[in-house]
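S.K.: structure here, sequence nowhere to be found:
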C-alpha cells in the first residue's frame, strides 16, 4: 500500500492512484485533500530577539578598538573573543539560565577569526547565546596571499542572528554553526541576512545539528579554493557552498550560491527544507543536492551554468568518458552514519538507516521522500534532474514521492562526447541482495508539465531521458510522466499520450520563445482548476490562472530575459550595492531593470543617442535579485542577472 505521509491523502485513495488522473481525483475529493494548501508542508520559522529570547546585552568592536575599553559605541573593544567575554553569564542561580547578547561590529577589515568556544557558550547550567551584526562594510578574514587559518566565524547556541557580515579568505569553513551531535538539538532558531562568504578552503556555510534556520540575501562563492579556484586535489575534495547537515526546518531564500568546488547547496540528512527565489550557478559538481533528505521544497529558482566555462567541469564522478558540466538538481541516498561523532550503524527500518550512539541516543537518517521541485528555470546543465540510488551496501535505498512539476529546462553545456548522462537521468542499478530483495527503488513519483530541450546537433550522443536499471533484477520503478514537452522524443517509459514533441522550437536561439508561451499555445492542455494545488504561482511569483507547461505562465516582457548572456553584455560590480555599470559591445537603445516578481525599477530609452556604457544608481533598490535587460541598436535583446546586496 502506498502512502503519501506529507500530504496525508487517504490510504485508500493512494492505493488506486496509479495514474495522474486518479491522483487528481483523490486530491479533489478525498477527505484530507484540504491539507495540500499553498505549499505541501510548513517550514517552521526561527524565533529570535523577542519575548524571553530578547537581547539584553550588547558590545561594540572596531578594528582600532582596545580590549581594555568598556565596549561601548565610543570605546569599542578590538577582538571578538574579548567581546564575548564582556557579556557575562547569568550565574546568580543554580538553575538553568540563558543570556542573549549582541556583538556589534563596526565598519572595517578584521584580520581575526570570530570564534565562540564551547566554554564561552556553556558553563554548567548557564548558557550564553551570541548574535553578530555588522555596521557599514564589515569584512572578516585574511587576504588572497595570506588567508586566515581555521574557520572565519563559529557560533553556538540558539535564538541568534548574523547580519551584514562579509567573510573572505579563510583556511577552513567560512561560517560554521556548531550544534552538538545529540538530540534534542542544542542549536536552534538562527537568522542569517546579508551575509557573504567568499574564497574559503572548505565549506562556505556549514550548519551542524540545528533546527529552524532562515537564510536570506546570502551570497556564497569560491568554497574550496580562491578565485579562480585551484584546489590541490580536485577529485578528492567536495566542499559545498551552503551545507545544512543533520538539520531540520532550514530555508534559503533570495540568495546567490555560485562557483563553489563541490555542491552549491547541499542538504545532507535533513528534513523540512526549502530553497526559493535563489540564483544557483556554476557549482562544480551539482548546483542543488539533496542527500538522504525529505520534505524538501525547491521552487522559483534560477539554476544555470555559464556557457563554455570548462574550469567549472569535473571529470571525477567515476564513469564519465569526458568532463561533465555541473548538474541542475540531484537527489540521492548516500547512506552514512556520522562515525566521527561516535555513531555506529544499527539497523534499517522502512528504508531509513538508524545510527546509534552509546550516550546520545539513536538518529534515524531519512530517505529521499516528499521532494517538490517546481517553477524552476534550469539552463545549460549536464542533467537538469539526476536521481541516483546512492549507497546500497548499508541499507535498501528507497526514493519516494518525488514531484517534478512546472520546470523549464533548456540547454546542455558539457563535452560533446558525453554519453553517460541525460537531461533527466535515473540510476538504480544495484539489483537485489542475497534474499532477492531489491536494493533500491523509486516509488510514487511524477514528472509533469515540464519543458525539456537541448541542441541535439551539438550533442548527438546525449539522451534527453535515461534510465539505468540492473539488467537481470531491475529495481521497482514507479515514475509517471505526464504532459511534458520535449524537443526529442524520449524513451517509451517517459512519453505519454498527453505529452508532445516540439523538435523545431527549442534550439538556443529560440530559448526565449520556449519560456514565454502565450495562453493560446496550449489550448488543448489548459485544465479546469489546478491539478497541483501546491503550485499557485509561476517563476516570477505571479498567481497562475492557467496550467500550461513550464515555469512561466504567459508571455511577459521580462520572461524571455532570464538566461545569462554568452557575450556582449557586462555588469559590474556584481553583486553590488549603490550602483551598477552596464557595458555592451554594441550601442544600447533601451535599458530595463526588473525584480524577480516582474516589477520595473528602472526604464530608460536612448533611441536618439544610443550608448555603450551607463552607470545606474541603485541605492534605493531593495536587496535581492534583479534582471537587467538591454536592447541593442541592432535589435538584439541581451539580459543578465544582477544582485543588490
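M.R.: That came in fine, so what should we check first? Every value quoted in this text rests on a predicted model; they were computed, and no experiment measured them.
S.K.: residue 607: how many residues sit nearby?
M.R.: Counted with other Cβ atoms under 10 Å, the neighbours of residue 607 add up to 9. Yep, even glycine has a C-beta here, placed from its N, CA and C like the rest.
S.K.: how near is residue 44 to residue 188?
M.R.: Separation of residue 44 from residue 188 (Cβ to Cβ, to the nearest Å) stands at 9 Å.
S.K.: kindly report the same for residue 254.
M.R.: 22 Å.
S.K.: neighbour count: the two, which is higher?
M.R.: Comparing residue 254 with residue 188 by neighbour count (other Cβ under 10 Å), the higher total belongs to residue 188, at 22 against 19.
S.K.: wait, a strand at the more buried one?
M.R.: Yes. Membership of residue 188 in a strand is supported by DSSP: H, G, I helix; E, B strand; the rest coil.
S.K.: flag the shaky bits of the stretch 1-150 of the chain, pLDDT-wise.
M.R.: The model of the stretch 1-150 of the chain has pLDDT under 70 over residues 1-38.
S.K.: need the strands for it, in chain order.
M.R.: 57-61, 97-105, 108-110, 114-115, 122-123, 126-134, 138-141 (DSSP state E, counting those that start in this stretch).
S.K.: which strands or helices does the following helix or strand past the last one pack on?
M.R.: Stepping forward along the backbone from strand 138-141, the first helix or strand reached (DSSP states H and E) is strand 153-155. Packing contacts for strand 153-155, counted by 3 or more Cβ pairs under 8 Å, 6 or more residues apart in numbering; DSSP states H and E, involve strand 114-115, strand 126-134, strand 160-170, strand 175-178.
S.K.: just to revisit the earlier point, which neighbours do residue 44 and residue 188 share?
M.R.: Common neighbours of residue 44 and residue 188 (criterion: Cβ atoms under 8 Å, 6 or more residues apart in numbering): 211, 212.
S.K.: pairing partners for the helix or strand hosting residue 584, with directions?
M.R.: Secondary structure assigned from DSSP H and E places residue 584 in strand 579-595. Partner strands and pairing direction for strand 579-595 (DSSP bridges) are strand 569-572 (antiparallel), strand 600-605 (antiparallel), strand 611-617 (antiparallel), strand 624-632 (antiparallel).
S.K.: list of residues touching stretch 485-504?
M.R.: So stretch 485-504 is in contact with 424, 447, 450-454, 456, 463-467, 477, 479-484, 505-506, 525, 549-550, going by Cβ under 8 Å, 6+ apart.
S.K.: of these, which belong to strands?
M.R.: Among the contacts of stretch 485-504, DSSP state E puts 424, 447, 451-453, 463-467, 477, 479-482 in strands.
S.K.: spit out the contact partners of the residue sitting nearest the centre point of the chain.
M.R.: Taking Cα atoms, centre = their mean, the centroid of the chain lies closest to residue 265, which sits 4.4 Å from it. By Cβ under 8 Å, 6+ apart, the contact set of residue 265 is 240, 241, 242, 243, 252, 257, 275, 278, 280, 287, 288, 289.
S.K.: same check, this time on residue 220
M.R.: Contact criterion Cβ under 8 Å, 6+ apart gives 174, 196-198, 204-205, 241-242, 255-258, 260 as the residues in contact with residue 220.
S.K.: buried subset of these as a PyMOL selection?
M.R.: In PyMOL, the members of the contacts of residue 220 classed as buried (16 or more other Cβ atoms under 10 Å) are selected with the following command:
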select buried, resi 174+196+197+198+204+205+241+242+255+256+257+258+260
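S.K.: including secondary structure and distance to residue 136, could the contacts of residue 220 go into CSV?
M.R.: Putting the contacts of residue 220 into CSV (DSSP: H, G, I helix; E, B strand; the rest coil; distance: Cβ to Cβ, whole Å) gives the following:
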residue, secondary structure, distance to residue 136
174, coil, 20
196, strand, 14
197, strand, 18
198, strand, 18
204, coil, 23
205, strand, 22
241, coil, 25
242, strand, 25
255, coil, 21
256, strand, 21
257, strand, 25
258, strand, 25
260, coil, 27
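S.K.: now the contacts of residue 220 as a markdown table including pLDDT?
M.R.: A markdown table is the format used below for the contacts of residue 220 (pLDDT from 0 to 100):
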| residue | pLDDT |
| --- | --- |
| 174 | 97 |
| 196 | 95 |
| 197 | 96 |
| 198 | 94 |
| 204 | 96 |
| 205 | 98 |
| 241 | 95 |
| 242 | 98 |
| 255 | 92 |
| 256 | 90 |
| 257 | 94 |
| 258 | 89 |
| 260 | 89 |
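S.K.: would JSON lines of the contacts of residue 220 with distance to residue 122 be doable?
M.R.: Putting the contacts of residue 220 into JSON lines (distance: Cβ to Cβ, whole Å) gives the following:
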{"residue": "174", "distance to residue 122": "24"}
{"residue": "196", "distance to residue 122": "29"}
{"residue": "197", "distance to residue 122": "26"}
{"residue": "198", "distance to residue 122": "31"}
{"residue": "204", "distance to residue 122": "27"}
{"residue": "205", "distance to residue 122": "23"}
{"residue": "241", "distance to residue 122": "30"}
{"residue": "242", "distance to residue 122": "27"}
{"residue": "255", "distance to residue 122": "31"}
{"residue": "256", "distance to residue 122": "35"}
{"residue": "257", "distance to residue 122": "32"}
{"residue": "258", "distance to residue 122": "37"}
{"residue": "260", "distance to residue 122": "32"}
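S.K.: what sits opposite residue 281 in the beta ladder?
M.R.: For residue 281, the beta-bridge partners are residue 258, residue 304 (DSSP bridges).
S.K.: list the contacts for residue 625?
M.R.: Contacts were defined as Cβ under 8 Å, 6+ apart; by that measure residue 625 touches 254, 256, 277, 279, 302, 595, 596, 641, 642, 643.
S.K.: distance between stretch 614-621 and the chain's centre?
M.R.: Relative to its chain's centre, stretch 614-621 lies at 28 Å (Cα atoms, centre = their mean, to the nearest Å).
S.K.: which outside residues touch it?
M.R.: By Cβ under 8 Å, 6+ apart, the residues outside stretch 614-621 that reach it are 576-582, 588, 591, 593, 601-602, 604, 644.
S.K.: from start to finish, how long is that stretch in a straight line?
M.R.: Taking Cα to Cα, to the nearest Å, stretch 614-621 runs 17 Å from one end to the other.
S.K.: quick one: mean pLDDT over that stretch.
M.R.: The average pLDDT for stretch 614-621 rounds to 89.
S.K.: same thing with stretch 427-443?
M.R.: Rounded to a whole number, the mean pLDDT of stretch 427-443 is 83.
S.K.: in stretch 369-378, what counts as buried?
M.R.: Residues 369, 370, 371, 372, 373, 374, 375, 376, 377, 378 are the ones in stretch 369-378 that count as buried (16+ other Cβ under 10 Å).
S.K.: how does the protein divide up, domain by domain?
M.R.: For the chain, automatic domain parsing gives the domain ranges 41-229+237-262, 307-559, 569-644.
S.K.: now do the helices in this protein.
M.R.: Assignment of helices within the chain using DSSP state H yields the ranges 11-16, 20-29, 80-86, 118-121, 511-514.
S.K.: and the third one, how far from the chain's centre?
M.R.: Put plainly, it is helix 80-86. Per Cα atoms, centre = their mean, the centroid offset for helix 80-86 relative to its chain is 34 Å.
S.K.: what does it contact?
M.R.: Looking at helix 80-86 with Cβ under 8 Å, 6+ apart, the contacting residues turn out to be 59-61, 67, 71, 77, 101, 103, 110, 112-116, 120, 128, 130.
S.K.: same question for stretch 580-591, mean pLDDT?
M.R.: When the per-residue pLDDT values of stretch 580-591 are averaged, the result is 87.
S.K.: please apply the same query to stretch 628-640.
M.R.: Within the predicted structure, the mean pLDDT of stretch 628-640 is 76.
S.K.: pretty sure residue 201 contacts residue 225?
M.R.: Yes. Under the contact definition of Cβ atoms under 8 Å, residue 201 touches residue 225, with a separation of 7.2 Å.
S.K.: of those two, which one has the most company?
M.R.: With other Cβ under 10 Å as the criterion, residue 201 and residue 225 differ in neighbour count, and residue 201 comes out ahead with 23 against 20.
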